[in-house]
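> quick check, what structure comes out for this input:
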Amino acid sequence: MSELSVRVEGVGKKYTIGGALEQHATMRDALVAAARRPIERIRHPGAATHHSEVIWALRDVSIEVSEGEVLGLIGGNGAGKSTLLKLLSRITEPTEGVIELRGRVGSLLEVGTGFHPELTGRENIYLNGAILGMTKVEIDRRFDEIVEFSEISRFLDTPVKRYSSGMYVRLAFAVAAHLEPEVLVVDEVLAVGDAAFQRKCLGRMEDVAESGRTVIFVSHNMQAVRSLCTRVVQLAEGRVVDSGSPTRVVDRYLKLQAGANGVVVWEGDDRPGDEDARLAAVRILGSDLQPTPVVVSSQPFRVQMDVDLERVPEGLTIGFDLQLADGTVVFRSYQTDGSPESWPDLAPGRNRLECEIDSNLLNTGHYTVHPRISIDRVRWIVHGGSVSFEVHRDPGESLNALVDKPGAIAPVLMWRRAGGAI
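Numbers count the residues shown, from 1 in each chain. Okay, the predicted model is just below:
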């Protein structure tokens, strides 16, 4: 049996919100503030409760990871995934519980983590290696592989503050994956970069695991989780709610996330996104333009998305992946698919966009719409949340169409006899 690489036992992480300590320039200011505090509590009784509000980002989390295992962490926004990775990376300490790690930990939690903006790419490779505990000889030995993998050799002697987000993540991942940490911790940073580089990163993580080292992987890309991970743990509200095989845990998670009535609505701070854009709702609309969990193949239907924009940044793309139950992507569509003059207008505030899917296209089966909002080739804003629906085929007048067809789609195509002699 493989030795344990990571042991998390009874771990909790507590944060106090709304209670930032005042900073005083002099002792006199501090004494005056202390004298005023009881009076303020009488005048504003709710303020005392607000100042002492405690949030548990994690509570009673216990996980064991063996050497060579690829563990996937999944869960909605605020589930505690990133907090757990920060604890494993020793960025912060747990409030309670014990974390035991065997060997060096290489972390890739955010784009450019650990990079110094004034240093060049070359210098940051050595800086990151030193932080990971590598000697100069060890870094020299892997240097050429890191540069080749990152595909930024032309900019190696440029300060990283001038790098794009894509260049940052290429170099950051190359350093973290090639400096041979015993445990590689990867957050949802692979969403930055083109598809070819993402596949390259996933392949590298497979190589790391096959060499006997451990990978802990957080992603909203369920297909990547299924294909890469050997085990998956689901977090919700800071606790472990499920653990087991990738197929079982992911399927259960997607069913819980999907709307039972063909619609999912988010409100307030629960809306996925960031300061630029937030997703408020996703709906499957039938031919009667009402939300539905079931559509008939012979009738067109629509995917409707409500998106709240603080502003309209350049390169903003709003769309979705249509996936099968096993995570296979049937197609991806954005509001920018057509010619620019056909793009829907976007404005600050609530935007409601619809995409119509033609009749006689999809086959019988279970499908999931995964929203995707991004700044093109820069960063993902939303790549989570989903709504599921069923497609029932209408065979029409053809008796042959009653027979089940293989494939994700079952288009009704027109045939004709070719003219001319053979």
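> phi, psi of residue 290?
Torsion angles at residue 290 (phi, psi; degrees, to the nearest 10) stand at phi -110, psi 150.
> what number of residues lie near it?
By the measure other Cβ atoms under 10 Å, the count of residues near residue 290 is 12. Every residue, glycine included, has its C-beta placed from N, CA and C.
> gap between it and residue 304?
Residue 290 sits at a distance of 11 Å from residue 304 (criterion: Cβ to Cβ, to the nearest Å).
> what's the domain layout of this protein?
Described in terms of automatic domain parsing, the domain architecture of the chain consists of the residue ranges 18-52, 59-257, 263-402.
> could I get those as JSON lines with distance to residue 411?
Conversion of the domains of the chain to JSON lines gives the following (distance: least, Cβ to Cβ, whole Å):
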{"stretch": "domain 18-52", "distance to residue 411": "56"}
{"stretch": "domain 59-257", "distance to residue 411": "23"}
{"stretch": "domain 263-402", "distance to residue 411": "6"}
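> packed most tightly, which of the ones you listed would that be?
domain 59-257 (a mean of 18; mean count of other Cβ atoms under 10 Å).
> so where do the helices sit in this protein?
Chain-ordered helices for the chain, with DSSP state H as the definition, fall at 27-43, 45-51, 81-88, 121-131, 136-150, 165-178, 195-210, 222-228, 246-257.
> what residues does the fifth one touch?
Put plainly, it is helix 136-150. Among residues not part of helix 136-150, those counted as contacts by Cβ atoms under 8 Å, 6 or more residues apart in numbering are 121, 125-126, 129-130, 153, 156, 170-171, 173-175, 177-180, 200, 204.
> check stretch 261-273 too.
By Cβ under 8 Å, 6+ apart, the list of residues contacting stretch 261-273 from outside reads 77-78, 257-258, 278-286, 291-294, 308, 371, 373, 381-382, 384-387, 389.
> and it, how far out from the chain's middle?
Using Cα atoms, centre = their mean, to the nearest Å, the mean C-alpha position of stretch 261-273 is found 16 Å from that of the whole chain.
> one step back: which of the domains of the chain comes out lowest on mean pLDDT?
Out of the domains of the chain, the stretch the model trusts least by mean pLDDT is domain 18-52, with a mean of 58.
> check contacts around residue 152.
By Cβ under 8 Å, 6+ apart, the contact list for residue 152 reads 121, 163, 167, 170-171.
> state the distance from it to residue 208.
With Cβ to Cβ as the criterion, residue 152 and residue 208 are 21 Å apart.
> tell me what residue 16 is bridged to.
Residues found in beta-bridge contact with residue 16 (criterion: DSSP bridges) are residue 54.
> neighbours around it, how many?
11.
> the stretch 201-350 of the chain: strands as residue ranges?
Taking DSSP state E, counting those that start in this stretch as the criterion, the stretch 201-350 of the chain contains strands spanning 214-218, 231-236, 239-244, 263-265, 277-285, 294-296, 301-309, 316-324, 329-334, 349-357.
> any chance of these in CSV, plus distance to residue 66?
Compiled in CSV, the strands of the stretch 201-350 of the chain are given as follows (distance: least, Cβ to Cβ, whole Å):
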stretch, distance to residue 66
strand 214-218, 7
strand 231-236, 9
strand 239-244, 13
strand 263-265, 36
strand 277-285, 37
strand 294-296, 43
strand 301-309, 41
strand 316-324, 30
strand 329-334, 31
strand 349-357, 44
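> what's the closest of those to residue 61?
strand 239-244 (5.7 Å; Cβ to Cβ).
> can you give me the end-to-end span of stretch 331-348?
28 Å (Cα to Cα, to the nearest Å).
> oh sorry, the question was meant for stretch 159-167
End-to-end distance for stretch 159-167, by Cα to Cα: 12 Å.
> begin at 894 from now on, thanks
In the new count, where the first residue is 894, that last one comes out as stretch 1052-1060.
> and it, how far from the chain's centre?
21 Å.
> kindly report the same for stretch 1259-1266.
Per Cα atoms, centre = their mean, the centroid offset for stretch 1259-1266 relative to its chain is 13 Å.
> what sits up against it?
For stretch 1259-1266, using Cβ under 8 Å, 6+ apart, the contacting residues are 1115, 1147, 1151, 1165-1166, 1170, 1172, 1175, 1177, 1196, 1198, 1200, 1209-1218, 1223, 1225, 1227, 1273-1284.
> how about stretch 1069-1079?
Defining contact as Cβ under 8 Å, 6+ apart, one finds that stretch 1069-1079 is touched by 898-899, 960, 978, 981-982, 994-1002, 1021-1022, 1025, 1027, 1031-1032, 1035, 1038-1039, 1042, 1066, 1094, 1097-1098, 1101, 1106-1111.
> stretch 1300-1315 too?
Stretch 1300-1315 is touched from outside by 1190, 1217, 1221, 1223, 1253-1258, 1286, 1289, 1294, with contacts defined as Cβ under 8 Å, 6+ apart.
> for it, buried residues please.
Using 16 or more other Cβ atoms under 10 Å as the burial criterion, the residues of stretch 1300-1315 that qualify are 1301, 1303.
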